[in-house]
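Undergrad: After the sequence you'll find the predicted model.
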Amino acid sequence: AAGDGSGLAPATVAVAVVIAGSAAVIVVQLLRSILLRVAGIYSTPKRGQRPAAAQHASTTPGTGLKSLMKQAALAKRAAGPDFVPDSELHLASLRSTTGAVLGLAWSADGDALAAATDGGSLQVWRLPPGLDVAAPGGRQPPHSSHELRQGASDVAFGAGPSSLAVLTRGEGGAPAVTLLTLPRGPHGDPEPAWTRHGAHAAANEGRCLEASAGSKAGYPIIISSSNKTDIHVYSGTGEDLGTIDTGGFENYAAAVSSDGRWVAAATFTNDIYEVAFDRQGTFTGLHKAMALKGHAARVLALAFSPDLGRCATASADGTLRLWNIGVRYALAEDPKLLATARLPLALDPKLRARLAWGAGGVIALSNGHRLAFFDEAGADLLASVPDAHTAPIAALAWCPGRLTALERPTWTLATGGGDARVRLWRSPERSAGRRIVAFQCYFYGTLGLLLFLLTGPYVPDVNLFHVFDWRWIQLKTFVGAMVILAFVITSVLNAVFLRLMVWRYCCGLVHDRPHCGVPRNCPLPLHIYNAFVQIRRAKKCLDFTATLYGIHLILVWSTYGLPRTKTWWICNLAFLAITTGLGEWLCMQKELQDIPMSSLSTAGARIEQELVRQIPVVTILS
């Protein structure tokens, strides 16, 4: 066929096709290179202009106009007048300058308090040792603000007071965990030590960030929880230790124990996971250890105890439960239920519920505007504040150590909410019985010592039983007069003890102090409100003193029978009056001495002048 000229051979056709295709590819590549070179000439930045890649090195979306307007409104509200909570537990309020508070964290030494705000910044307050957080005058502690382009939804301190972990929006809007090194002074920007992008999916919200004080490996354990079912676990050095799938529909909160061993989430299935290490401190994995079973509805908040052996859970079924997790979980032993208490407030799942267990033995629970305190011994309700913030509370954090407040060390809780305020609260007394026992022991110790000194030279073998002998109290003998004198001196010393005990717990209130004026939510005039305060304080003094002498009467009756002399009854009523009246007077003197005349502002000076005019009325009413 080839010899007849009727056509080309198949081999010739194949070679021609290959040559034509190769030529076409070469031509296309040449045209592409020419076009790219021409485009590069027009896209070359001008002299002094930064390249576009440098200008947009991050894919994190910037702040839009709506966000800026929202931040401006929040900043304006933050700068407005403060709302004074009507609670004796309130110590002070710290203002956030950029917006609503989303997360709080204390440093391990208690000298720094960090807050993540809705305005995309970090607020850090420095509270050096000796600073009275509830000092008169309302002076704010040293404060610094650090802007973050990625924003911040929660914070947690790492290994030291200058190491702060932040839950932010990373590349593409996905949550990221960043460990920052804070500057030592009020100026300067925090430096990132490491960043872990993609902590959660871009569609998920970073809900909470927690960190332990340490672990078997020596570094803290940092956990990040989303609003779905995933919890990421990191080491303090930035190593990704793994991911936990809680198996519920939504993680409402997450917690890690202070030693970094236990991790748990508040969800429908409440499992506790162990961050396992071998004896050499090498990480070996994340293992499910136990499950907390018993709630009839989803758990909205949980917290581990500082002693590492217990856990608290708050559920939508209206109960608070305390668990003993120090069990042999390797042998399938379940956690033991220690106590169950009905909550004074119904938890709303649409609002954040937060639970914090303090080192002082008090558990704090918040939901919405409300705040409640429970005793760790039996989950008994100690105090409740219905309006702790004017906006929903988003964060709780107990200070690891005691802060100075009202001239005494006290366990302090920090709360943050949408009202752009961080409020400090003192821990309520776990039990009035302990104060009564201390008062009773002080009474008998002082009385016994005085009886020994005043009657010892005249009465041989004076012992403690003579304190309960009602026949000693008489005016006919010299020894009886010395006994009465011992009771009188003891009553005076009891008043001093009463001032130390009652003033700090009843009179040292933020808005019970005259220089603070009337709470904004109180409709009473100033003189009527202060008269009410004086009456309430006098009632507290009378309650303690009446309890003291009531117990003394019971002990006297059980030892030597019911007293049958008028002298004993008249003298003891006089002793009660001396202790109550003198204790109330000492409380008033202490309160008036604490008014800072030089540090009052113009508004404070006006309140002070009005108070001075009302002092005679207050004195008469009290």
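TA: Nice, thanks for sending it over.
Undergrad: now stretch 252-262: mean pLDDT?
TA: Averaging pLDDT along stretch 252-262 gives 93.
Undergrad: same question but for stretch 275-292, I mixed them up
TA: Mean predicted lDDT for stretch 275-292 stands at 93.
Undergrad: Now do the same contact list for residue 204.
TA: Residue 204 is in contact with 174, 175, 226, 227, 228, 230, counting by Cβ atoms under 8 Å, 6 or more residues apart in numbering. Quick note: C-beta positions are derived from backbone N, CA and C, even for glycine.
Undergrad: Just the ones of those in helices?
TA: Among those, none falls in helices (DSSP state H).
Undergrad: Reformat these as CSV; add neighbour count, distance to residue 428 and pLDDT.
TA: Putting these into CSV (neighbours: other Cβ atoms under 10 Å; distance: Cβ to Cβ, whole Å; pLDDT from 0 to 100) gives the following:
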residue, neighbour count, distance to residue 428, pLDDT
174, 19, 42, 83
175, 28, 36, 89
226, 22, 34, 90
227, 16, 32, 88
228, 19, 36, 88
230, 18, 37, 92
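Undergrad: Cross the residues you listed against strands and list the overlap.
TA: Here DSSP state E is the test, and those give 175, 226, 230 as lying in strands.
Undergrad: And those, which is closest to residue 300?
TA: Taking Cβ to Cβ as the measure, residue 300 lies nearest residue 226 of the ones in strands among the contacts of residue 204, at 16.0 Å.
Undergrad: lowest-confidence helix or strand of the protein?
TA: helix 52-55 (a mean of 36; mean pLDDT, DSSP states H and E).
Undergrad: any chance you could map the helices in this protein?
TA: 10-43, 52-55, 65-78, 432-455, 478-502, 526-560, 566-593, 602-621.
Undergrad: Least reliable of those helices by average pLDDT, please.
TA: The bottom spot among the helices of the chain, by mean pLDDT, belongs to helix 52-55, with a mean of 36.
Undergrad: sorry, back to before: and the contacts of residue 204 as CSV, adding distance to residue 361?
TA: Converted to CSV, the contacts of residue 204 look like this (distance: Cβ to Cβ, whole Å):
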residue, distance to residue 361
174, 40
175, 34
226, 32
227, 32
228, 34
230, 33
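Undergrad: tell me what the longest strand belonging to the chain is packed against?
TA: Ranked by residue count and defined by DSSP E, the top strand of the chain is strand 283-291. Counting contacts by 3 or more Cβ pairs under 8 Å, 6 or more residues apart in numbering; DSSP states H and E, strand 283-291 is packed against strand 240-245, strand 271-277.
Undergrad: Identify the residues contacting that strand?
TA: Contacts of strand 283-291 (Cβ under 8 Å, 6+ apart): 217, 233, 235, 239, 241-242, 244, 262-263, 269-278, 325, 327, 329, 334-335.
Undergrad: picking up where we left off before, dump the helices and strands packed on strand 283-291 to JSON lines, plus distance to residue 428 and mean neighbour count.
TA: Compiled in JSON lines, the helices and strands packed on strand 283-291 are given as follows (distance: least, Cβ to Cβ, whole Å; neighbours: other Cβ atoms under 10 Å):
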{"stretch": "strand 240-245", "distance to residue 428": "35", "mean neighbour count": "15"}
{"stretch": "strand 271-277", "distance to residue 428": "29", "mean neighbour count": "20"}
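Undergrad: so the longest strand of the chain versus strand 240-245, what angle?
TA: 20 degrees (axes from the mean of the first three to the mean of the last three Cα atoms, to 10 degrees).
Undergrad: List the buried residues for strand 283-291?
TA: 283, 286, 289, 290 (16 or more other Cβ atoms under 10 Å).
Undergrad: Please apply the same query to stretch 564-579.
TA: Buried, per 16+ other Cβ under 10 Å, within stretch 564-579: 567, 568, 571, 572, 575, 576, 578, 579.
Undergrad: any idea of the pLDDT on residue 298?
TA: Confidence score, pLDDT, at residue 298: 91.
Undergrad: just the one 3 residues further on next, same as before
TA: At residue 301, the model reports a pLDDT of 95.
Undergrad: partners of it in the sheet?
TA: Judged by DSSP bridges, the bridge partners of residue 301 are residue 314.
Undergrad: so it makes contact with residue 254?
TA: No. Residue 301 is beyond contact range of residue 254, at 10.1 Å (criterion: Cβ atoms under 8 Å).
Undergrad: Pull up the overlap in contacts between those two.
TA: residue 266.
Undergrad: measure the residue nearest the centre of the chain to residue 156 for me?
TA: Residue closest to the average C-alpha location in the chain (Cα atoms, centre = their mean): residue 397, at 2.1 Å. Remark: distance between residue 397 and residue 156 (Cβ to Cβ, to the nearest Å) = 10 Å.
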